[in-house]
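Here is my input; please provide its structure:
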Amino acid sequence: MTPTEHVVRIMNDAWLGLLLSFGERLGLHEAMADGTPRTAEEIALAADVNARYVQEWVWALVAGGIADHTCSGPQEPTRFHLRPGYAAVLTPRGGPEHWSRITTQITALGALEDELVEAARTGGGLPTSAYEGRIVEVLATESGPIFATALLDEVVPLLGVHPALSSGVRVLDIGCGTGQALCLLAERYPTSTFIGCDQSPDSLDIARERVARLGLTNVTLHVLDVEDGDDPLNTFEAPFHLVMAANVAHDLADPGTFFRRIRPLLAEDGVLYLHELGFVRDMAVNITDPHAIGVLAFGLYHCLPLAMRRPGIAPGGMWGCESWVETLNAAGFPNVRVERAPSDPNNDTIIARLH
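Okay, the predicted model is just below:
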């Protein structure tokens with residue numbers, strides 16, 4: 001393949017990503033998911049979308065190898081269907097394999113390009129307010145399917161906290177986002193008390209709606225930036241038996257200081273649980289991963305601009321398991337174990353204890 005051919009392929013794949021985000025947001029994938037061949041008009045009717053837009057969209061999916069078309073005769077309408085196996089990748093029925101949900105993140109974060117270019121020129125970061133609104137909504141789809149599958153039946157046993165949660169303890173979820181993991185735990189363990197905090201007011205608005213919808217009385221939520229001021233975690237009264245930080249530490253300027261601030265919050269037999277991307281320190285190894293481009297690009301558009309708001313190391317999503325373990329050890333967590341939940345092979349379950 002020549003360089004020109006390579007770039008043209010990249011360009012076409014980029015357009016396909018836009019098309020999948022379009023289909024994801026409008027429910028067009030779901031309208032085709034049962035495999036029944038349908039005309040563009042029928043797909044549009046099922047999704048309540050204008051048929052002319054659907055016609056352009058579905059032919060592009062055929063050109064991209066995602067859908068097929070059939071026509072039984074010159075007077076018959078063309079019908080379209082997804083190729084075998086694509087329904088799981090393009091709709092929630094695929095669970096963690098529902099990868100087309102990520103295309104909505106790409107299009108949402110792409111709107112930040114002007115601000116990101118300026119930040120790269122100055123060496124600064126982007127404010128948390130840049131990541132409100134639609135970005136909150138699309139990022140909520142990232143970890144949700146993973147936690148729904150793995151948290152209760154796989155991660156909790158790895159943490160060894162089921163007996164304590166059942167008897168009733170206090171739990172702090174730092175960077176709780178829209179409250180998916182927090183509410184799963186609060187529903188399963190009604191005798192425990194759960195506190196969630198996040199720097200995003202929009203995320204917490206969704207979390208509060210979720211708590212209210214589920215009728216949970218053992219959850220409280222707080223807007224809090226964990227790197228703001230001397231030690232904002234002093235807001236919370238210790239001790240906690242479990243402190244969670246899922247996909248949080250790699251967005252921070254200084255994770256070492258963050259871990260040191262968590263240490264006095266933990267009960268002596270408490271557990272710190274980090275959910276981090278399953279990479280190593282050697283970037284030459286990391287880039288062989290099939291998800292490497294996406295992780296690095298997401299880091300450029302999301303993780304780094306948040307971390308670069310303040311002085312620090314800005315670790316990013318590929319900082320590596322060894323770096324997390326060493327930093328936790330240095331922060332006063334001598335007992336650190338790294339596991340993988342069976343249904344979540346792309347992420348590390350990092351379990352840190354004081355003894």
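
which residues are in contact with stretch 178-188?
The list of residues contacting stretch 178-188 from outside it, by CB atoms under 8 Å, 6 or more residues apart in numbering, reads 136, 140, 143-144, 147-148, 151-152, 156, 165, 171, 173, 176, 192, 194, 196, 203-204, 206-208, 210-211, 214, 216, 218-219, 221, 244, 246. For the C-beta atoms, the positions are set from N, CA and C on the backbone; glycine is no exception.

Kindly write the ChimeraX command that selects the buried subset of those.
Buried members of the contacts of stretch 178-188, defined by 16 or more other CB atoms under 10 Å, are picked up in ChimeraX with:
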select :136,140,143,144,147,151,152,156,165,171,173,176,192,194,196,203,204,206,207,208,210,211,216,218,219,221,244,246
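
In helices, which of the contacts of stretch 178-188 fall?
Those of these mapping onto helices are 136, 140, 143-144, 147-148, 156, 165, 203-204, 206-208, 210-211, 214, per DSSP state H.

hmm, which two among the residues you listed are most spread apart?
136 and 165 (27.7 Å; CB to CB).

chain center to stretch 38-57, what's the gap?
In this view, stretch 38-57 has its centroid 30 Å away from the chain centroid, taken as CA atoms, centre = their mean, to the nearest Å.

what comes up buried for that stretch?
Neighbour count says stretch 38-57 has 38-40, 42-44, 46-47, 49, 54-55, 57 buried, by 16+ other CB under 10 Å.

which of the ones in helices among the contacts of stretch 178-188 lies closest to residue 326?
Nearest member of those to residue 326, counting by CB to CB, is residue 143, at 25.0 Å.

Was I right to think that closest one contacts residue 246?
Yes - using CB atoms under 8 Å, residue 143 makes contact with residue 246 at a distance of 6.5 Å.

any residues in contact with both of the two?
Applying CB under 8 Å, 6+ apart, one finds that residue 143 and residue 246 are jointly contacted by 181, 275.

Quick one: neighbours of the nearest residue to residue 144 once chain neighbours are set aside, just the number.
Among residues not flanking residue 144 along the chain, residue 180 sits closest, at 4.9 Å (CB to CB, 6 or more residues apart in numbering). Other residues lying near residue 180 total 22 when counted by other CB atoms under 10 Å.

now swap in the one 10 residues further on and tell me
For residue 190, the number of neighbouring residues by other CB under 10 Å comes to 13.

which ones are touching the residue lying closest to it once chain neighbours are set aside?
Here the nearest residue to residue 190 in space, its sequence neighbours aside, is residue 218; by CB to CB, 6+ apart that works out to 6.0 Å. Neighbouring residues of residue 218 by CB under 8 Å, 6+ apart: 186, 190-194.

Now do the contacts for the nearest residue in space to residue 101 that is not next to it in sequence.
Spatial nearest neighbour of residue 101, chain neighbours left out: residue 141 (4.4 Å); criterion: CB to CB, 6+ apart. Going by CB under 8 Å, 6+ apart, residue 141 touches 101, 104-105.
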